[in-house]
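Trainee: Sequence and predicted model, in that order:
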Amino acid sequence: MTRVDFYTGSADKLRTACQLSHKAMQHGLHAVISLPDEASCDAIDKLLWQYPDTAFIPHARSNPSTKPSTGALECPVILSCGDDNFPHYDMLISLHDACMPFFSRFERVAEIVGLDEVDSRLGRERFKFYRDRGYELRHFDLNQAQP
């Protein structure tokens, strides 16, 4: 069954997604970062070329109209904007306001919740959705993780 991790208190949700994808890559996992729009996809694409400071995270964009390419199968991070055509199902990093209908295909889901009140409320709704369906949940407060 899918395990769902909530990361709350993120000051920069895109940067948090970069950190989580980097950590996944270090553990040999493939990650799909699912984004709500093309602007977010473009922004994280640029961040991943610069994260971490001394390197970059190899990544590719998914293409909803074709089968995943061999390169995408080997790429540790896939950026997805509005499709569900993925080459692997290790980890989903979601930057959406609602649960994605395909989340249960993944072994792990990371839900990132920002600091503002609306995002916090939507995060609580997603948490309740997963909890009510019996998914294993973990919570990480990013505000407490920083000195």
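Mentor: Okay, I see it.
Trainee: mind listing what I78 touches?
Mentor: H30, A31, V32, I33, H59, A60, R61, S62, A72, F86, P87, H88 (C-beta atoms under 8 Å, 6 or more residues apart in numbering). Heads up, the C-betas are built off the backbone N, CA and C, glycines and all.
Trainee: from the residues you listed, which would you call buried?
Mentor: Listed as buried from the contacts of I78 are H30, A31, V32, I33, H59, A60, S62, A72, F86, P87, H88; burial here means 16 or more other C-beta atoms under 10 Å.
Trainee: Quickly list what the second one is bridged to.
Mentor: When you say that, I think you mean A31. V77, M91 (DSSP bridges).
Trainee: My guess is it contacts P87. True?
Mentor: No. Contact criterion C-beta atoms under 8 Å: A31 and P87 do not qualify, at 11.4 Å.
Trainee: From the contacts of I78, pick the one nearest D119.
Mentor: Using C-beta to C-beta, I33 is the member of those that lies nearest D119, at 17.0 Å.
Trainee: tell me the secondary structure for the closest residue to the closest one other than its chain neighbours?
Mentor: Sequence neighbours aside, I93 is the residue nearest to I33 in space, at 4.6 Å (criterion: C-beta to C-beta, 6 or more residues apart in numbering). With DSSP: H, G, I helix; E, B strand; the rest coil as the basis, the three-state label of I93 is strand.
Trainee: Start the count at 44 instead of 1 going forward.
Mentor: New numbering, starting at 44: the last item is I136.
Trainee: Return the distance of I136 relative to L185.
Mentor: Summarising the geometry, the distance separating I136 from L185, computed by C-beta to C-beta, to the nearest Å, is 14 Å.
Trainee: Between those two, which has more neighbouring residues?
Mentor: Taking I136 and L185 together and counting by other C-beta atoms under 10 Å, I136 has the greater number of neighbours (29 against 18).
Trainee: Please give me every residue in contact with that one.
Mentor: For I136, counting by C-beta under 8 Å, 6+ apart, the contacting residues are A60, L63, S64, A67, A74, V75, I76, S77, A153, I155.
Trainee: Repeat that for K56.
Mentor: For K56, the contacting residues are L138, I155, G157, taking C-beta under 8 Å, 6+ apart as the criterion.
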